[in-house]
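Participant: This is a predicted model, with the sequence first.
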Amino acid sequence: MAMQISGVTIQGGMNILPAGGSPSPTPGGVSDGYTSGGADISDTKYSTIQSFPFSSDGNASDVGNLSAIINGQASQSSTTSGYASGGYGTGFSDVIDKFPFASSTSGTDVGNITSARSVAAGNSSADNGYISGGALGGIIEKFPFASDGNSASVGNLSQDRGYAAGQNSSSHGYNSGGHDRSPANTGPVNTIDKFTFVSDGNATDVGDLTINRQSPAGQSSSDNGYASGGWPVDTIDKFPFSSDSNSTDIGDLTLLRTRAAGQSSAASGYTSGGFATPTLLSNVIDKFPFSSDGNATDVGDLTASLQFLGGHQG
């Protein structure tokens, strides 16, 4: 399937573009990592869905398209489908897009978030997808995986911020790093927020990343959350799910990049694509192990160099 590229370039520059939310379901994907949407260096938007295998290192292939061009959406994953919610395409979007993991099939519009927004992170429980933070402040929204439908507001983050990464344990969603979106606009933050999947409610600040950063990619093992890259670092941070505490620096990506997608298998974290320098985007798929701390290795390439793309695993 040929890559679908929109011929429309949206004006407004990178400052209005959201960071790709990079959630990871628990306990991670079974067979494949996915990316969705994104933008190239000229700010042209894409609707492409790409897939790469977890069983062997290799390049990604084009397996379908979202229902519209989009970048910077929040991303979620159930056991059977990937979701892309909100983002920015021909304008700010409120669409919840869904595509199946079982076949190379394009996405469909299955619902709406409460209001069109970008700069949000995505989270996934066993039953629901979550959108946290973004241009509307610290709102946490939830939509069900069992049936197609709209999301509903269920709580708030501890502070108004966007450009954050999403991580998931079996019982909680995490929102880490990002950029202050309050009127104070103090810049990148290091906050790790946590909210429960068991009941609706607000998040609490439970720790800090090793450095303030925006647009990191998020990954999750069964025991730990990871934040990889993000402006201005190439660091891989790790924090435990078993206790509320700060993260530690456990390794580095193969190159400094931000606005990348994050994926998680049962054994490894992946960071794909992203913004490397003011004139360079990356197509690299990096992989790092969950079993031991260490640097990432380059294990493949996306079909194109993209930033602000969503990350999924199935």
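Facilitator: Ah, there it is. Numbers count the residues shown, from 1 in each chain.
Participant: How far does stretch 122-142 stretch from one end to the other?
Facilitator: One end of stretch 122-142 to the other measures 10 Å (Cα to Cα, to the nearest Å).
Participant: Pull the distance from that stretch to the chain's centre.
Facilitator: Averaging C-alpha positions (Cα atoms, centre = their mean, to the nearest Å) puts stretch 122-142 11 Å from its chain's average.
Participant: list the contacts for Thr114?
Facilitator: Thr114 sits next to Asp94, Ile139, Glu141, Asn150, Ser151, Ala152, Ser153 when contact means Cβ atoms under 8 Å, 6 or more residues apart in numbering. C-beta coordinates here come from the backbone N, C-alpha and C atoms, glycine included.
Participant: Looking at the residues you listed, which are in strands?
Facilitator: Ile139, Glu141, Ala152, Ser153 (DSSP state E).
Participant: contacting residues for the last one?
Facilitator: What it means is Ser153. Contacts of Ser153 (Cβ under 8 Å, 6+ apart): Thr114, Ile139, Ile140, Glu141.
Participant: Now the buried members of those residues.
Facilitator: Ile139, Ile140, Glu141 (16 or more other Cβ atoms under 10 Å).
Participant: Over to the nearest residue to the second one once chain neighbours are set aside: give its phi and psi.
Facilitator: In other words, Ile140. Computed as Cβ to Cβ, 6 or more residues apart in numbering, the closest residue to Ile140 that is not its neighbour in sequence is Gly155, at 4.3 Å. Dihedral pair for Gly155: phi 170, psi -170, per degrees, to the nearest 10.
Participant: looking at it, Gly162 is touching Leu136, isn't it?
Facilitator: No - Gly162 sits out of contact with Leu136 when judged by Cβ atoms under 8 Å, with a separation of 9.1 Å.
Participant: Between those two, tell me which one has more neighbours.
Facilitator: It is Gly162, of Gly162 and Leu136, that has more neighbours when counted by other Cβ atoms under 10 Å, with 28 against 22.
Participant: From Ser56, how far off is the residue lying closest to the more buried one once chain neighbours are set aside?
Facilitator: Distance criterion Cβ to Cβ, 6+ apart; nearest residue to Gly162, sequence neighbours excluded, is Val119 at 2.9 Å. In this view, Val119 and Ser56 are 35 Å apart by Cβ to Cβ, to the nearest Å.
Participant: what's the answer for Thr196, then?
Facilitator: Distance from Thr196 to Ser56, by Cβ to Cβ: 37 Å.
Participant: So those two - more neighbours on which side?
Facilitator: When Thr196 and Ser56 are compared for neighbours, Thr196 comes out ahead with 16 against 8, by other Cβ under 10 Å.
Participant: okay, the more buried one: pLDDT?
Facilitator: Note on Thr196: pLDDT of 98.
Participant: Name whatever forms a beta bridge with it.
Facilitator: Counting by DSSP bridges, Thr196 is bridged to His172.
Participant: Isn't Asp57 up against Val299?
Facilitator: Yes - the pair Asp57 / Val299 is scored as a contact, 3.7 Å apart, by Cβ under 8 Å.
Participant: Quick check: neighbours shared by the two?
Facilitator: Shared contacts of Asp57 and Val299 (Cβ under 8 Å, 6+ apart): Lys287.
Participant: What is the neighbour count of the residue nearest to Gly162?
Facilitator: 28.
Participant: again with Ser151
Facilitator: A count of nearby residues for Ser151, using other Cβ under 10 Å, gives 24.
Participant: Now do the contacts for it.
Facilitator: Ser85, Ile96, Gly111, Asn112, Ile113, Thr114, Gly129, Ile131, Glu141, Lys142, Phe143.
Participant: And these, which is closest to Phe290?
Facilitator: Nearest to Phe290 among the contacts of Ser151, counting by Cβ to Cβ, is Gly129 at 23.0 Å.
Participant: separation between the closest one and Ser147?
Facilitator: From Gly129 across to Ser147, the span is 12 Å (Cβ to Cβ).
Participant: Of those two, which one has the most company?
Facilitator: In this view Gly129 and Ser147 are compared by other Cβ under 10 Å, and Gly129 has more residues nearby, 29 against 8.
Participant: Got the phi and psi for that one?
Facilitator: phi -100, psi 150.
Participant: Strand partners (parallel or antiparallel) of the lengthiest strand in the chain?
Facilitator: In the chain, with assignment by DSSP E, the single longest strand is strand 204-213. Paired neighbours of strand 204-213 in the sheet (DSSP bridges): strand 189-196 (antiparallel).
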